[in-house]
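1. fold the following and give me the result.
(2 chains)
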There are 2 protein chains.
Amino acid sequence: MSYSPLLIRLIDALQCMPGIGRKSAQRIAFHLLERNRDGAKEMSTALAAAVSGIGHCSRCRMFTEHELCKICSASGRDGSLLCAVESPADVMAVEDATGYRGLYFVLMGHLSPLDGVGPEELGLEALEKRLADEDVKELIIATNPTVEGDATAHFLADMASRHNVPASRIAHGVPLGAELEYIDGGTLSHAFFGRRLID
Amino acid sequence: MSYSPLLIRLIDALQCMPGIGRKSAQRIAFHLLERNRDGAKEMSTALAAAVSGIGHCSRCRMFTEHELCKICSASGRDGSLLCAVESPADVMAVEDATGYRGLYFVLMGHLSPLDGVGPEELGLEALEKRLADEDVKELIIATNPTVEGDATAHFLADMASRHNVPASRIAHGVPLGAELEYIDGGTLSHAFFGRRLID
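-> Model (predicted):
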């Protein structure tokens, strides 16, 4: 036995989302069809509009409907500071948590040769061009503290030093509110060797 | 700071799926836009087609594009057996696992007064009409063994007895391959009192 063709097609299509397998897709399809058809319609329209309308900022690779994203086109940002992050969500996190007023470069991933993600996929040519052409005084590397994020950070730091741009990496250590006893060894070791004199 | 309007709309729309909150919706949106635009397009089309094309079988409430679903319109099924299940997935499970050749009634949920799901929402009028008009010899109740599923089963059994239709409920007990030691008490108690003589 199998479902009707349109339902099969929907269940198959929903599986293109990350983390959604057959059972979840089925549950989502039933929920939408039974309880929220308006939501499903809106989802269909929003997906179509996003796919056709959203591109990348030509300067920082952020998702945007325009040639330049909000931040790159904003006046009053400090063009001499450049912060490299892995994803658009990281831009939001940095914007919301810090008073950073410089510009960004969104890698849209991290170096991961096994998955076929190399320097080209991350648009590093464009970043290199910015380091060469623009008057960048510091490249702040804010990739995730994972194996791939670390490798990407090294790659970016090498690139910056070739252009005589100082590169920095955000600090890794014990997060606020945590207890030393329960922190993993790697993090604690980072925190220990990254200790700073109290002024 | 916030994302571009189309991206915000997409992230909002994706949250109409059950179990998908803001962070998951964001992750899905980024994934689709960055790595799988074809998938997103297909998802949009499949959703629109499903919403406009899929309705309920007029006889058993199963999802279908036609007036009657595959099972209700099939010849050679035994119309004197009726099996009530909570969801379309349960129909598939019973079809695949058992040799059942009767018909179904899909409740599309279970009685849950707190969520505003009463007999009307489950289409029980239509079920009652079938019990009254058709020559049903047994109503097999295959709702889930949960509090709501049990309540629904009781309600259905009462309805069947009003129409002098024998009602049965699928057995609850120790699943195959399980070890008694690790089975919860409720299940074991069910299995114990539901014991059968070995012929």
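
2. the residue lying closest to residue A:145 once chain neighbours are set aside and chain B, how far apart?
-> Closest residue to residue A:145 apart from its sequence neighbours, by CB to CB, 6 or more residues apart in numbering or on different chains: residue A:172 at 4.9 Å. Quick note: C-beta positions are derived from backbone N, CA and C, even for glycine. If you measure residue A:172 against chain B using CB to the nearest CB, to the nearest Å, the figure is 22 Å.

3. and residue A:94, by the same measure?
-> For residue A:94 relative to chain B (CB to the nearest CB), the value is 9 Å.

4. contact partners for residue A:89?
-> B:26, B:27, B:30 (CB atoms under 8 Å, 6 or more residues apart in numbering or on different chains).

5. show me where chain A dips below the pLDDT cut-off.
-> Within chain A, the ranges that satisfy pLDDT under 70 run A:1.

6. can you map out the helices along chain A?
-> A:5-14, A:22-35, A:37-53, A:70-73, A:88-97, A:124-133, A:147-162, A:185-193 (DSSP state H).

7. got the CA coordinates for the fifth one in CSV?
-> The C-alpha trace of helix A:88-97 is given here as CSV (Å, rounded to 0.1, in the frame of the first residue of the first chain):
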residue,chain,number,x,y,z
PRO,A,88,24.4,34.6,8.6
ALA,A,89,23.1,33.6,12.1
ASP,A,90,26.6,34.4,13.5
VAL,A,91,26.4,37.9,12.0
MET,A,92,23.2,38.4,14.0
ALA,A,93,24.7,37.0,17.1
VAL,A,94,27.7,39.3,17.0
GLU,A,95,25.5,42.3,16.1
ASP,A,96,23.2,41.7,19.0
ALA,A,97,25.8,40.8,21.6
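
8. nearest spatial neighbour of residue A:144, chain-adjacent residues omitted?
-> residue A:86 (5.9 Å).

9. and that neighbour, what is it in contact with?
-> A:106, A:107, A:108, A:109, A:110, A:143, A:144, A:149, A:152 are the contacts of residue A:86 under CB under 8 Å, 6+ apart.

10. swap the cut-off to 10 Å and go again
-> A:106-110, A:122, A:142-144, A:146, A:148-149, A:152 (CB atoms under 10 Å, 6 or more residues apart in numbering or on different chains).

11. then residue A:157?
-> A:84, A:139, A:141, A:165, A:166, A:167, A:168, A:169.

12. what of residue A:29?
-> A:3, A:6-14, A:40, B:17, B:46-47, B:50, B:54, B:63, B:88-89.

13. likewise for residue A:4?
-> Per CB under 10 Å, 6+ apart, neighbours of residue A:4: A:10, B:50, B:53-55, B:57, B:62-66, B:69-70, B:88.

14. 7 Å instead, please
-> Contact analysis of residue A:4 by CB atoms under 7 Å, 6 or more residues apart in numbering or on different chains lists B:54, B:63, B:64, B:65.
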